[in-house]
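S.K.: whatever this is, show me its structure:
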Amino acid sequence: MNSARLPLPESGSFRLANLRLHRAHLGDTSGMTFDADGFARTEVSIANGRIETIAPPGSLDTGETVHDCRGEIAFPAFVDCHTHIDKGHIWPRSPNPDGSFSGALETVVADSRANWSATDLEPRMQFSLACAYAHGTKALRTHIDSASPQDEISWPVFDAVREQWKGRIDLQGVCLFGIDAARDVEWFDRLSALVARHRGVLGAVTYMVPELDELLERLFRKAIDLGLDLDFHADETDDVNAVSLDRIAETALRLGFGGKILVGHCCSLARQPDDRVRATLDKVAKAGLSVVSLPMCNMYLQDRRSDGTTPRWRGVTLLHEMAARGVNVCVASDNTRDPFYAYGDLDVLEVYREATRILHFDHPVGDWPASVAGNPARAMGLDDAGVLRPGAGADLILFRGRSMTELLSRPESDRIVIRDGRAIDTSLPDYSELDHLMEPESNGD
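M.R.: Numbering: from 1, shown residues only. I've put the predicted structure just below:
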C-alpha cells in the first residue's frame, strides 16, 4: 500500500526537498541536471507566500522546516485559457440530442433563451470556478455568449464573480458571437463598449461568410481603438475550405496589430493540403498568434457520424507543426458538462493527460508541459503565472507521480495544491448544489 503523504509545514517559511520540476516550467535552468523527460530534482525554498530559491538538491542550508517530496513531480498552478463557464453544467436539463455540433448549438441557444438569468448564471459560474480552483487552476479565461440581450445579463454577472474570486483565480472574459453579427455596426459598437467597460477581450466565432475579411478588419480596428486583445473561435469543422485562421493571420499582418491574439480550435487545418498548411502556419508564426487546441471537446464533437460508423479523425489542430515554427501553443478545457461536451471538470491535468494521448505530447516530452502553464499565461498577458522562479508567487501543485508515465496514468485525486505558500482545501463542490437550477425530472445525468 502507498505510504501516507506528510502534511506540508504550517509555517510560512519552509523548503520542498527532493522535488521534480520540468525545465519548461522553470524561469532559470542553470545548474540543473535533467532526465530524458525534462525533469530535474530540485529544492524550493518558500517564504511569505513566494518562492525564494530554486536550486539543485543539497545546495540549500537555510535551517528551514523541510518537507521531503520523495522525488514527486510539481507543476506551476494551471492556466486554463479557453473555457465557457456561462454554459457550464447545463447538461442535466439540456443534453445534446445527438452529440453533434449543430445539436449542441441549437440546444445551447434554446437553453440560454429559457434560463440564462443572473440567478441561473451566477451559481453555475461559481460552481465551475470552485472546481477549477480545487484542481489547481490559478488563471482562467472564459468566453461569454454575447448576442443581445444576453450580453447585458451575462457581463455584469461575470464582473461580480470575477471580483469575488480575485486573489484566487485571475479571471478574463471574452465576448462570443458569430462574426456575421458584426454586420450590425450599431450593435457591434455597443457590445465592444460593454466589453471594454468590463475589461474584457474582444472575440468572435469566425465563419467563411463572403465578407469575412471586412468583418475581421472591423474587429481588429475596434480592438485597436479600444486597446483590447483578440480571441477567436476558428475553423471548428472538418471542412477543408474553412480557412479563417489564415485570414486572421493575414489581417493581423496587414494592420500591424500590436495586441495579443489567441485563436482556438483550428480543426480544419489538419484536413488541408500540405502546401496550404505551410503557407498558413508561416503567416501565423509571423503574426505572433497564439493557438489553443481543445482536445477533449474536439474529439467529442468532430467527425461524429449519424450512420453509426466510427469517427476517422481526432479533431485537433497541428500543434507540433506550429511549435516547430515558434508559435505559442496551448491546450485548454473548453466546455464542461454542457451540450458541446458532456463531461469534464475544469481539471487541467485531465486536459494535459488526454492531450498527451491524443496529440502525442510524448516521445519526447519536450516542452509540452508549458502548454498548460507558461504558454497560456503568455497568451493571456499574465506575468506572475505559469513559470516557477524566485520572486514569483508560491503557487504550485504537488503530485504523487515521480515520472511522466506515473503522473499521467492516474487521476492524481490527492494532489496538494499550494497557493501563496500554503496548501488549500481541495474538496470539490457536490453536483447536488446545482439541482435547484435543473428541471425536476432531470436532476441526475
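
S.K.: in the protein, which helix or strand is least confident?
M.R.: Lowest on mean pLDDT, DSSP states H and E among the helices and strands of the chain sits strand 65-68, with a mean of 87.

S.K.: so which residue is smack in the middle of this protein?
M.R.: residue 80 (2.6 Å; C-alpha atoms, centre = their mean).

S.K.: contact partners for that one?
M.R.: 132, 137, 139-141, 332-333, 346, 348, 351, 372, 376 (C-beta atoms under 8 Å, 6 or more residues apart in numbering). All C-beta spots, glycine's among them, are computed from the backbone N, C-alpha and C.

S.K.: tell me which element it is part of?
M.R.: In this structure, residue 80 sits in strand 78-83 according to DSSP states H and E.

S.K.: any idea how far stretch 406-424 is from the chain center?
M.R.: 18 Å (C-alpha atoms, centre = their mean, to the nearest Å).

S.K.: typo on my end, stretch 269-281
M.R.: Mean-position distance between stretch 269-281 and its chain equals 25 Å (C-alpha atoms, centre = their mean).

S.K.: surely residue 114 is within a helix?
M.R.: Yes - counting by DSSP: H, G, I helix; E, B strand; the rest coil, residue 114 is part of a helix.

S.K.: for it, grab the count of nearby residues.
M.R.: 11 (other C-beta atoms under 10 Å).

S.K.: also residue 101?
M.R.: Residues contacting residue 101 under the criterion other C-beta under 10 Å number 16.

S.K.: which non-adjacent residue is nearest it?
M.R.: Residue nearest to residue 101 in three dimensions, not counting chain neighbours: residue 301, with 5.0 Å by C-beta to C-beta, 6 or more residues apart in numbering.

S.K.: let me see the contact set for the nearest residue to residue 255 once chain neighbours are set aside.
M.R.: Closest residue to residue 255 apart from its sequence neighbours, by C-beta to C-beta, 6+ apart: residue 220 at 5.2 Å. By C-beta under 8 Å, 6+ apart, residue 220 lies in contact with 230, 251-252, 255, 257.

S.K.: before we move on, what about residue 236?
M.R.: Applying C-beta under 8 Å, 6+ apart to residue 236 gives the contacts 101, 205, 264-265, 267, 298, 301-302.

S.K.: possible to save the residues you listed as a markdown table with pLDDT and secondary structure?
M.R.: Formatted as a markdown table, these follow (pLDDT from 0 to 100; DSSP: H, G, I helix; E, B strand; the rest coil):
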| residue | pLDDT | secondary structure |
| --- | --- | --- |
| 101 | 94 | helix |
| 205 | 98 | strand |
| 264 | 98 | strand |
| 265 | 98 | strand |
| 267 | 98 | helix |
| 298 | 96 | helix |
| 301 | 96 | helix |
| 302 | 95 | coil |
